[in-house]
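Visitor: pasting the sequence and the predicted model now:
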Amino acid sequence: MKNICIINGPNLNLLGKRETSIYGTTPFETFLQNIRNEYKDITIDYFQSNHEGAIIDKLQEVGFTADGILLNAAAYTHTSIAIADAIRAIKAPVIEIHISNIHARETYRQHSFIAPVCKGSISGFGLDSYRLGIEALLKNA
Ligand code: DQA
């Protein structure tokens with residue numbers, strides 16, 4: 001396990017500013033710096049886009065070379081068959097990540113199109129969900 005790619009979907013570029021009571025006050029770049037320091041042996045690539053097609057392009061780009069992918073598809077989790085198909089098409093194991101516990105929120109957030117095609121899902125631990133995702137990849141990929 002050497003190369004992990006974190007892919008964040010729409011509105012996650014606003015972490016730290018966006019609905020802080022749900023998503024916290026830490027910008028993702030700050031958190032990323034911390035986990036890169038914590039996991040020095042791993043190359044952690046990071047990509048964020050507000051566009052569904054760009055997320056699919058990134059999954060296709062890294063999906064045959066990365067050792068694992070952490071994907072927080074954000075609202076596309078609940079709508080995107082195209083992202084689910086991209087996950088099906090690639091070789092790298094994908095772990096579904098959510099900062100909030102999507103099962104404790106609105107009904108429309110409780111269904112995930114990507115969960116069935118991911119290796120597993122981690123939801124509800126704040127930004128620590130991503131670190132737990134790295135641990136899961138290290139132990140189970
Ligand atoms: C989210 C949960 C989604 O329902 C929401 O649309 C997001 C963030 C999370 O990380 O908790 O944008 O994926």
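Guide: Received, thanks.
Visitor: which residues of this structure score low on pLDDT?
Guide: 1, 141 (pLDDT under 70).
Visitor: how about the helices in it?
Guide: Applying DSSP state H to the chain gives helices spanning 20-23, 28-38, 52-62, 81-89, 128-140.
Visitor: distance from the chain centre to the first one, please.
Guide: In terms of CA atoms, centre = their mean, to the nearest Å, the centre of helix 20-23 is found 17 Å from the chain centre.
Visitor: roughly how far apart are the residue of the chain most remote from its centre and residue 121?
Guide: Relative to the C-alpha centroid of the chain, counting by CA atoms, centre = their mean, residue 107 is the outermost residue, at 20.7 Å. As judged by CB to CB, to the nearest Å, residue 107 and residue 121 stand 17 Å apart. Bear in mind the C-beta positions are built from the backbone N, C-alpha and C, glycine included.
Visitor: re the thing from before, output the helices of the chain as JSON lines; include the columns mean neighbour count.
Guide: Output for the helices of the chain, formatted as JSON lines (neighbours: other CB atoms under 10 Å):
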{"stretch": "helix 20-23", "mean neighbour count": "12"}
{"stretch": "helix 28-38", "mean neighbour count": "14"}
{"stretch": "helix 52-62", "mean neighbour count": "17"}
{"stretch": "helix 81-89", "mean neighbour count": "17"}
{"stretch": "helix 128-140", "mean neighbour count": "17"}
